[in-house]
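Student: predicted structure and sequence below. I'll ask about it afterward.
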Amino acid sequence: MDRRSFLGLAAAAVATSALGACASMVTTPVAPVGGIVYLPIRNYPSLASAGGSLKILPSGAATPLYILELEGGGYAVLSPICTHLGCTVNIEGVNLVCPCHGSTYDRAGEVLQGPAERSLVRIPSRLTEDGVLEIDLRGAD
């Protein structure tokens, strides 16, 4: 294999692996009813698994929200905006990491490593007995 073929093949492999990462963070549009988003967990397999996550964009909102399955059960609904300088954090394994200055948060939005000093904004939510996650956007900043 000559150098040009090798470089082309390597570039294709990198691009293909990046597509998988992009696809996992596809934004799901949702329509709130009276300021509340209703998400039946059974309709979102990415949330039903351990360490699951989902990125949603409520209609009329400028910024998406992350929904993260928490260890031991339950969910956190978080703004992905870093409280340090406003960059968008990325989900990296069990943590959320700011690509701008390295602030790191746990899945509940608490600061693990600065320079951020405040937790991510957490949106009020509750899981009903029938498995519907109710996200109250009226309580969001």
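Tutor: Structure's in. What do you need?

Student: buried residues, stretch 125-141. List them.
Tutor: Neighbour-count burial for stretch 125-141 flags 125, 133, 135-137, 140 (criterion: 16 or more other C-beta atoms under 10 Å). Any C-beta I mention is one placed from the backbone N, CA and C, and that applies to glycine too.

Student: now do stretch 48-56
Tutor: Residues of stretch 48-56 classed as buried under the neighbour-count rule (16+ other C-beta under 10 Å) are 52-56.

Student: same question, stretch 28-35
Tutor: 30, 32.

Student: just how off-centre is it within its chain?
Tutor: Counting by C-alpha atoms, centre = their mean, to the nearest Å, stretch 28-35 is centred 17 Å from the centre of its parent chain.

Student: mind putting the buried residues of stretch 125-141 into JSON lines with distance to S79 and pLDDT?
Tutor: Shown next, in JSON lines, are the buried residues of stretch 125-141 (distance: C-beta to C-beta, whole Å; pLDDT from 0 to 100):
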{"residue": "S125", "distance to S79": "13", "pLDDT": "94"}
{"residue": "L133", "distance to S79": "16", "pLDDT": "93"}
{"residue": "I135", "distance to S79": "12", "pLDDT": "93"}
{"residue": "D136", "distance to S79": "14", "pLDDT": "94"}
{"residue": "L137", "distance to S79": "11", "pLDDT": "92"}
{"residue": "A140", "distance to S79": "8", "pLDDT": "62"}
